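In: Predicted model and sequence follow; I will ask about them next.
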Amino acid sequence: MVRRHSQMMALLMGLLLAQLVSAGSPRINYLLHCSGCHLPGAEGNPPNVPTLHHELGRMMNVHEMREYLVRVPGSAQSALSDADLAAVVNWLLIEFNADTLPPEFELLSTDEVSAARKAILANPLEYRITHWRNYGE
Ligand code: HEC
């Protein structure tokens, strides 16, 4: 009986782990696919890797900058599915940019991400300066 119980527990733990890793909560997907550069707390390592705090929310006032979030190479070329990438970016916006998001902000949809990420930015900085501003401005 004790043995059956521990086998059951092991099975449950396994299922739980598998779900955490594959069904991918946005936080776990962020840790797996983005945190290597942007760090686990998303504070980045400026000037080499930008922070993902506060400014992304302000960017959402500009249409072109919605797409920018998934056209930068780190996003666009990640192994995440379109739906999972949308979830990660929406999570970043809510988790670290809630204070700067416009009130009428709408979450990025999977279709929007799917179309946008195909147009990977060859020069993300130039696009950022044209449609938004340089870092630290
Ligand atoms: C290999 C390192 C690396 C990885 C992995 C990475 N990024 Fe980045 N990210 C960068 C760098 C460097 C920039 C600056 C623009 C550029 O040169 O691509 C950047 C820029 C960004 C920006 C724009 C920030 C701004 O202020 O302009 C966003 C949003 C972003 N990344 C999101 C992500 C997400 C989401 C993931 C995971 C799916 C990710 N990145 C994975 C290195 C990375």
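Out: Arrived safely. Not measured: the values here are computed from a predicted model.
In: what about residue 64, is that helix, strand or coil?
Out: Of the three states, residue 64 takes helix according to DSSP: H, G, I helix; E, B strand; the rest coil.
In: That one: neighbour count?
Out: Neighbour count for residue 64, taken as other Cβ atoms under 10 Å: 13. Glycine gets a C-beta too; all of them are placed from N, C-alpha and C.
In: same deal with residue 104?
Out: Neighbours around residue 104, by other Cβ under 10 Å: 7.
In: Compute the distance between it and residue 65, please.
Out: To residue 65, residue 104 is 15 Å away according to Cβ to Cβ, to the nearest Å.
In: So which residues on this structure come close to the ligand?
Out: Applying Cβ under 6 Å from any ligand atom, one finds that the chain approaches the ligand through 33-34, 36-38, 49-50, 52, 55-56, 69, 72-75, 78, 80, 88-89, 124, 128.
In: same thing but at 8 Å, please
Out: Selection of the chain residues close to the ligand by Cβ under 8 Å from any ligand atom yields 29-30, 33-34, 36-38, 44, 48-52, 55-56, 59, 68-70, 72-75, 78, 80, 85, 88-89, 92, 121, 124-125, 128, 132, 135.
In: Quickly find the element holding the residue in the chain positioned nearest to the ligand.
Out: Closest residue of the chain to the ligand, Cβ to the nearest ligand atom: residue 74 (2.3 Å). For residue 74, the host element (DSSP states H and E) is helix 73-76.
In: The residue of the chain closest to the ligand contacts residue 35, doesn't it?
Out: No - assessed by Cβ atoms under 8 Å, residue 74 is found out of contact with residue 35, at 10.9 Å.
In: one step back: how about the residue of the chain closest to the ligand, what does it touch?
Out: With contact set as Cβ atoms under 8 Å, 6 or more residues apart in numbering, residue 74 has these partners: 34, 37-38.
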